[in-house]
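Asker: got a predicted structure plus its sequence, pasted below:
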Amino acid sequence: MSLSSYRFERPMDPDRTDWASRRCAELILDLAGGTLHEGVIDLASEPPPDRPAVMLRFAQIGRILGIEIPRVRV
């Protein structure tokens, strides 16, 4: 199996796609200027399934994320 087939044959996470497109637009604006129009065009045929909750111990958040987050914010 080639690296590209491994990468492109897996399903995409719609949340990451949205984040990536917003980050891409931000970089384009920073580097090239221009105007960003409001709104999103989403051609998905159906909404993504609900995601399972992620269980994580508070003590592990700093180690995993690399930043400390106050307990009240978590």
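Answerer: Ah, there it is.
Asker: what about the spatially most central residue of the chain, distance to residue 22?
Answerer: Residue closest to the average C-alpha location in the chain (Cα atoms, centre = their mean): residue 16, at 2.9 Å. As judged by Cβ to Cβ, to the nearest Å, residue 16 and residue 22 stand 11 Å apart. Just so you know, the C-beta spots here come from the backbone N, C-alpha and C atoms, and that holds for glycine as well.
Asker: now the helix or strand hosting the residue nearest to the centre of the chain: mean pLDDT?
Answerer: Assessed by DSSP states H and E, residue 16 sits inside helix 14-32. Helix 14-32 comes out with an average pLDDT of 88.
Asker: what's downstream of it, the next helix or strand?
Answerer: helix 61-65.
Asker: buried ones in that following helix?
Answerer: Buried residues in helix 61-65, counted by 16 or more other Cβ atoms under 10 Å: none are found.
Asker: distance of residue 10 from residue 52?
Answerer: Residue 10 is 18 Å from residue 52, where distance means Cβ to Cβ.
Asker: ok, residue 42 to residue 35 distance?
Answerer: When distances are taken as Cβ to Cβ, residue 42 and residue 35 turn out to be 21 Å apart.
Asker: if you count what's nearby, which of the two comes out ahead?
Answerer: With neighbours defined as other Cβ atoms under 10 Å, residue 42 and residue 35 compare such that residue 42 has more, 9 against 5.
Asker: can you pull the contacts of that one?
Answerer: If you count contacts by Cβ atoms under 8 Å, 6 or more residues apart in numbering, residue 42 has none.
Asker: just the pLDDT for it.
Answerer: Per-residue confidence at residue 42 stands at 78 (pLDDT).
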